[in-house]
Structures are given as structure tokens and as C-alpha cells.
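**Student:** I need the structure of the sequence given here:
(2 chains)
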Amino acid sequence: MAPSMTAYPGGAVVIGDRYQIEFDRPLPELDDGPSKAFAATELRDAKRGVYALLPDPSLPLRLDAISSVRRLDNNNSMRLLAWDVVDWPADRRRRPAIVLERPHGPRLFPAADARIEPFREEALLRRVLQPLCLVLADFAFISLPHRNIRAENLYLDGTDPARAPIMLGECVSAPAGYLQPVIYETIECGMAHPAGREEGSAANDLYALGITLAVLFAGRNPLAGMSDEEVIEQKLAKGSYATLVSALRLPSAMIELFRGLLNDEESERWSLEQLQMWLGGRRTSPKQQVRPSKAARPLEVAGQTHTTARSVAEALSRNWAQGLELARSGELDQWLRRGLSDDGRTEAVNSAKSAGAEGDVVDDAKLARICIALDPVSLVRVRNFRATIDGASRLLAVGFADETVREDFATILRHNLAGFCTRLNSRLRPDIIRIAAAFERIGPFVLRDDIGFGLERAMYALNPNAPCRSPLFDDDYVADLTLLVPALERLAKTKGAAFDSLVDRHIAAFAAARLKTNIVPELRELRDAKDHFGYALPAAHILAIIQAQTACGAAPALCGVVASMLEPALARYHNRNTRDDIRARMQEIAKSGRLDALIDTVDDKNALASDEREFARAAADHASIVQQIERLEYERANRAVISRGISSQVASLFSGVAATVAVLVTILVKLI
Amino acid sequence: MADATERREAAKRRRVGSIFIWLLAAGVLFAFYESIVLLLVGMLPTGLAVLFDRSPQKDQVRSIGYLNFAGCLPWMVDFWMSGGGFARVFDIIGDPLVLGVMYSAAVAGWGLCFVVRPFVTTYLIVASELKESQLTKRQGELVDRWGEAVRRGADEKAGSQAEGARPPAR
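**Tutor:** From the prediction side, this is the model:
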């Protein structure tokens, strides 16, 4: 979806001539994590309650979800009305802004550590579960997980806290699951970095719904005060259901609901249909979760004992240096053989050790494989890089400035850890297997350090929501390709011709990943460029392709900058008249703002060839003139000799004529 | 082998031709020996010119010879019309006036070479300057239009042509 332009009547920020954001009226009660809320007005209907949410520009929006979510119209879900990238006066930069329907009441659960009046069973089902089921059905219809379901993201849509309907908050201002506390995330997503959590499926939403219901039923967070690691440890040790619900006095009817929703095995977790059937009154016996096999003797990692393969994998990844030591010393193998006695895990760890070209050396890649073998969920852990296969590219996008993040991601791609994971666990979702295959395909791009390739290319190719991270756009938010040329146009207006380079590594990779056209020839020219001009022409070519493909409108200021950068290109024309003519045409075309026309004028192959031909002819002419002048000089120096020779010729000619006349006269006189 | 045979045939043909010409000349000398004596004496300046003119074209010889012959022709005609004979030949060449006319015609031919030279030199100077100014103007136009690079291009071309660029020897 291409956003509309913004305007500023009276200094206010306006989106699409319809929503006015009041940047001097923050609404902290509606903030959503790093996304800040501000008062807004719908210009056509001032009575309608709307507000604007300004996401953190360092995080990628769920851009691919926005157009689908906008189509949803459910009273129990906050409506997304518009979005745009706007000039934000307070920060003197451009930021994405989302306009949302404003709930008529406060948050249902004000903060993660808040305490509220516990919901009774009937109220919980009627006011929370039933409406949220309808919302999840709507999201299932658009094949999109919400991934932001938690008690703190529920709002009262009225003033009466006991009767007001519940409204679920927005879900697009941050990457999927990024804002969720670990308690609301499945075990594998909880183990990942918030930015590295998977986009997920309805199963993730149903799990988060189960936790939300448990929190509301308890009136508090049952795990409040625990660190994220402790929450994961508890869930790994006892399972999510036992961790969250065991301390609550649940009515027997609800046990089945919580067991179904909080099942840690995704394939065993209730689907939306099962939940709807349960709401419809169909009761079944509660499903018991299969507990993982425990070792006869524990393995001690960093002072803590672990008895399951999964918790050992987590402990090794959290204590990387000791994990390497345990793997190298053989203590881990010993525990697997004598302690765990799980042939499947032991075999998987052995295959992890034999895979790769490292031989017997236990390095980071090998330990990462061992962690996968011990816990073959869609989770990849390398040193501090902890992400699901689906979320790894998002974590790279968020942490790209951090060199260790880049190195760790490169390790994942170089050693195809995602592929190893999918080989070990054939029960992973098809979309995860597709993403792992994409990782394998993108690997060669990362190995090339050329402009347009490298990790930048991997980030943009694997992550369609990642905005362009070019330093040129430090004060802008280029969410997709349609915004790139307009962003450069704004820069051109403010900076004038003070550009070092129009296409840097990020812009080149962003364009290569997003364009439908193959720009490898232009990237090759950029790589081989030896001077400023050599760089400017292919860079301008790439921008022209983007402008043509995205139909993003005229860019006269950018064209002016490009024209000045391409000025040295005119030196390729020998004919000064042609050069002046093209310079005049360039200035004319620059005003029209069409980059392709500008480049066609400068880089006209036919004109260049014709100029080259004519120049060769002119050089030949000049050479001939030089020869003629040399000849004249030679004649001047030897004029006496030459003159004598020619004089003799002329004299003999005159003599011959005179003699002929005399002979004829003689013959006439003597003989007639 | 065939070439050697052809060469031998050609040499033989040349020898036969040469013998034929000498025989013809001997015949003419025998038939018109009186006229030839008259002509030899009358065109003595031309003979001298042949000796002194070293140029390959022999333009001076031709210049003198044409007029010298024109000067001899009236007495040759008189000789033929008077019936011939050596006595008549000696009468003609014994007359200083006749010899003066014949030799004056030769001197006129020789003088023509000197008279023409200043005109020719002046013409050459004017033509050369005119051509040089035209060439310089054209050269300037080329540099104006194509820049100094056209000189370098020309130099490269001139360099590549090397010896071929030198003016022909006269």
C-alpha cells in the first residue's frame, strides 16, 4: 500500500487530508511499548474518537499486515484507519504514524505488574473470550496472526469497568510478538530475542489468549517478579499449563480450556475451531501434555542442574563459553549416553557434530547445531543471537548496527543452521521450511562483499518489512521502494548537490531485493566504478528504474543533483556543440523530474557512437591539414627549386605554342 | 623455366627492333643527308642545351628546341623547294643572317625560361599563402568544435602514418 502524502495546515500533521495529529498532545495511557500515542482528530467527523500511534522508527513495522488489518471491521478490535510516514516536528525527522480508533475507556489491565479485580468465569467467557474468538476468526480470515494479544493490550470500550465491552489493541506498530512479555509467548518464542520471534500462526495467538485469560482470571500476573529466564525455566520444567494455572483455583469446566490453549506442543494445542466448539458447549476430557523424558542424573551448567535435553540446550546457549567447554570436554556426550539415555537425541547430537566442515573442532557453529539437536524446534541460537528461523531476519534488521549480530547471522547462513534444523525436525510448519530454504538460497549473496550483496541484501531479501537503513535516511523512514525516490528528493531539496553518493550499500541492496527488475549489471558497474562519475551513472540508472517501476512521481530536485553528478559524463562527447546542447536538454529534463529521460539524454548510445565516428573523421581531417601545412612549409623552404622546375615547364609550353604557330605560318607563306 | 624463355624471346624482339630502327635511320640519313646537315647546323644551340640541361624532364631543351626548330623551318622549306644539293646547303649556312635568325629563335626559347620564372614564383607565393590561411582557418574550426583532443587524435593518426605523412620529393 503506497501511503498518501502529508500536509501541515496550521502546523499540524495531517495524514491523507483526513486525520490531523496533534503532536503537542501526547496520550501516554495509550502508548504501546516504544510506540508513542498522540491525540488526533478526524477532519470530516471531529466527534469520532481517533488517536495516532507513532512506532519506534528503529523497528520495522508490520507493513505487509497493514493493508489486511485495515480491512477488518470488528467492534472488539481496534480499527486501523490510516498510516503514513510524516514529518514529525518534535524530532525534526520523518516517522511512521498509524491512526487508530480510540477506545472509550482505559486499559483493562493497566500494566504488567498491575492487580485488578479477578474476572469470574462467566464474565471472562462473555466479556473476553467470546469477543476475542470473533477477532481471532477475523484474523484467521485474512490469514494473519495478531501476535500482540495480552492483558495489557485490552481496552475497555466504555466507561463502566464492569460492563463495558472489551477491545483488543493494535498489532502492526512493531514486529510480531516484539511487545509481548515472555509469559505470553510460547516456550520457543520466549527463548528468542523479542525481535527474533516468529511471525507465527493462530496457534501463537491462542497460546497468548490462554495466558491472557489466566492473568485476568487471577487478576494479576501469576509469574510477576520472575525474570524472563526464570519464566522459561519454569515453563520448561513444568510446562506452561502447570506454571501458569496450577496455583489458580480453576472451575473444573475451565481446566479443559486452559489445558487446550496452553499446550506447549503446537500440534496438540487447540485450534480456533476447537475453542469455538468448547464455547458452544461441547466438552471433552482434558488433554494431558506429554512430558519430555528426564535424565537419570542432571547436567550442571553454570551452577544450575538440568534434566531435560531442552533445558540443557537453553542453558548451553545462555552460557555459551561453558557450553563450548562442555561439548569439547566430552561431558555433554557422557551425560547424553549415561544420563539422558535418549537414543534419538544422542543420534541427533552426533549428526550435529559430524555435520559441517569443522572436523572435530567444536566451534560456535557446532555448538549451535548441538543446541538445535538437543531442542529441534524452529529456534537458532548462536552466542547472543537467539531467534526463530522465521524471526532471524527481523532480529538482523533491528540489530544491524551491532557487529556481533551481523557476524552471528552470517554464521547461521554460512553453516545453513536453519536447514540443519528443518532436517532434524520434519514436523515444522511448511512456512518455516520455506524460509529455511530461502536462507539456503540467500547464502551465496552473503558471501559476496560487493555492493548490493552481503548481509544487507540478505536482510532486505528475507525481511520484506525492513525499512532501508541507509545513513542517508537517518532522519527518514523508507519503509518500501515507493518511498525511496521521494525520500531522496527531500534530501536533494535540503542538501542541494552535497551528495557523496546517491546509492550506498544499503540502498543498492534494498533496491536489488525489492525491484522486480534484475539490476545485476548496474551493481557490477557500481562495483567496478573507479571515479565519482563511474559511480554516478549506474547509481542514477538504479534510481531511474525505481522511479519508473514505483511510479512515485517527478523528482526535479533529485534530477538536478543527478544532472550535476552526471556533468562529467558530457566529457564523453567530443563535439562541444553536442555537449552544450545536451547540457541544455539536461537542465530542461531535470525540471520535469524524470530520471530515466535524464539518463537517456546523457547516456544516448547512438549519439555517443555518432559523436565518436564524427570525431574520428575530424581527427583525420586535422591530420590531413597538418600534413598539407607541412607540405606548404616544405615548398616554402624549397621554393627556388620548385619555381625553376615549374618555370621550365611553363616556358616549354609557351615555346611549344609559339613554335607551332610559327611552323603553321611558315608553311602557309612558303607553300601557298 | 618458362620465364627465362619469355625473357630470352623479349630480348630477342628488342634486339630486332633496335636493328630495324638503326637501319631506318641509316636509310633516312642516306635519303635526306643534305637536309640533316642543314638541321644539325641550325639546331646547334639545342644540342648545347641537351648537354647542359641536367633535369630529367629536359623542359629547357624543349623550350629552346621548339623555337629553334621553328627558326630553322623556313630555310629547310626553301632548300627543299630549290631542288637541294650540298651547294645550296652551304649557301644557307654560310649566310650569317640566316644563322642569326636560327640561333635567335633558340635564344628566345632560352630567354622564355627566365622571363616566366618571376611570374611563376609570385604565383606560387600567393597560392601558398592563400592555401595556408584556408587550412589554418579550417584547423581552428575543428579545434573550436572538437576541442584540443582533435589535435591529439590527429597526432596519433599522423604518428601511425609515420613515413607516409612526409611530403613527396620533387
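**Student:** could you say what helices and strands the biggest helix by length in chain B packs with?
**Tutor:** Counting by DSSP state H, the longest helix found in chain B is helix B:96-146. Counting contacts by 3 or more CB pairs under 8 Å, 6 or more residues apart in numbering or on different chains; DSSP states H and E, helix B:96-146 packs against helix A:576-592, helix A:605-637, helix A:639-671, helix B:33-42, helix B:44-52, helix B:59-81, helix B:149-161. Any C-beta I mention is one placed from the backbone N, CA and C, and that applies to glycine too.
**Student:** Buried deepest among these, which one?
**Tutor:** Most buried of those by mean neighbour count (mean count of other CB atoms under 10 Å in any protein chain shown) is helix B:59-81; its value is a mean of 22.
**Student:** tell me the angle the longest helix of chain B makes with helix B:59-81.
**Tutor:** Here helix B:96-146 points in a direction 150 degrees away from that of helix B:59-81 (axes from the mean of the first three to the mean of the last three CA atoms, to 10 degrees).
**Student:** for residue A:312, what are its contacts?
**Tutor:** Listed by CB atoms under 8 Å, 6 or more residues apart in numbering or on different chains, the contact partners of residue A:312 are A:299, A:301, A:306, A:332, A:335, A:374.
**Student:** Count the residues that sit near residue A:568.
**Tutor:** Per other CB atoms under 10 Å in any protein chain shown, the neighbour tally for residue A:568 reads 14.
**Student:** Pretty sure it sits against residue A:533.
**Tutor:** Yes - using CB atoms under 8 Å, residue A:568 is in contact with residue A:533, at 3.9 Å.
**Student:** As CSV, could you dump the C-alpha coordinates of stretch B:129-136?
**Tutor:** Written as CSV, here are the backbone C-alpha positions of stretch B:129-136 (Å, rounded to 0.1, in the frame of the first residue of the first chain):
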residue,chain,number,x,y,z
GLU,B,129,49.7,31.8,-48.6
LEU,B,130,46.1,31.6,-49.6
LYS,B,131,46.0,27.8,-49.1
GLU,B,132,47.8,28.1,-45.8
SER,B,133,45.3,30.6,-44.5
GLN,B,134,42.4,28.4,-45.6
LEU,B,135,44.0,25.4,-43.9
THR,B,136,44.7,27.3,-40.6
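**Student:** thinking again about what came up before, of the helices and strands packed on helix B:96-146, which is nearest residue A:42?
**Tutor:** Ranking the helices and strands packed on helix B:96-146 by proximity to residue A:42 (CB to CB) places helix A:576-592 first, at 36.6 Å.
**Student:** ok, residues contacting that closest one?
**Tutor:** By CB under 8 Å, 6+ apart, the residues outside helix A:576-592 that reach it are A:554, A:556, A:559-560, A:562-563, A:566-567, A:570-571, A:573, A:597-598, A:601-602, A:607, A:611, B:144-147.
**Student:** What mean pLDDT does it get?
**Tutor:** In this model, helix A:576-592 has a mean pLDDT of 90.
**Student:** what about the helices and strands packed on helix B:96-146, which gets the closest to residue A:85?
**Tutor:** With distances scored as CB to CB, the stretch of these nearest to residue A:85 is helix A:576-592 (25.1 Å).
**Student:** What residues sit buried inside the following helix or strand past the closest one?
**Tutor:** Of the helices and strands lying after helix A:576-592 in sequence (DSSP states H and E), the nearest is helix A:595-602. By 16 or more other CB atoms under 10 Å in any protein chain shown, the buried positions in helix A:595-602 come out as A:595, A:597, A:598, A:599, A:601, A:602.
**Student:** What of stretch A:211-231?
**Tutor:** Judged by neighbour count using 16+ other CB under 10 Å, the buried positions of stretch A:211-231 are A:211-218, A:220-223, A:226, A:231.
**Student:** which one of these sits closest to chain B?
**Tutor:** Nearest to chain B, judged by CB to the nearest CB, of the buried residues of stretch A:211-231 is residue A:231 at 75.2 Å.
**Student:** ok, that closest one - contacts?
**Tutor:** Taking CB under 8 Å, 6+ apart as the test, what residue A:231 contacts is A:182, A:183, A:190, A:223, A:243.
**Student:** Which of these has the largest number of neighbours?
**Tutor:** In the contacts of residue A:231, the most neighbours by other CB under 10 Å go to residue A:183, 27 neighbours.
**Student:** Next one: it from residue A:341, what distance?
**Tutor:** According to CB to CB, to the nearest Å, residue A:183 and residue A:341 sit 33 Å apart.
**Student:** mean confidence for stretch A:375-391?
**Tutor:** Stretch A:375-391 comes out at a mean pLDDT of 91.
**Student:** same question but for stretch A:345-364, I mixed them up
**Tutor:** Taken as a whole, stretch A:345-364 carries a mean pLDDT of 80.
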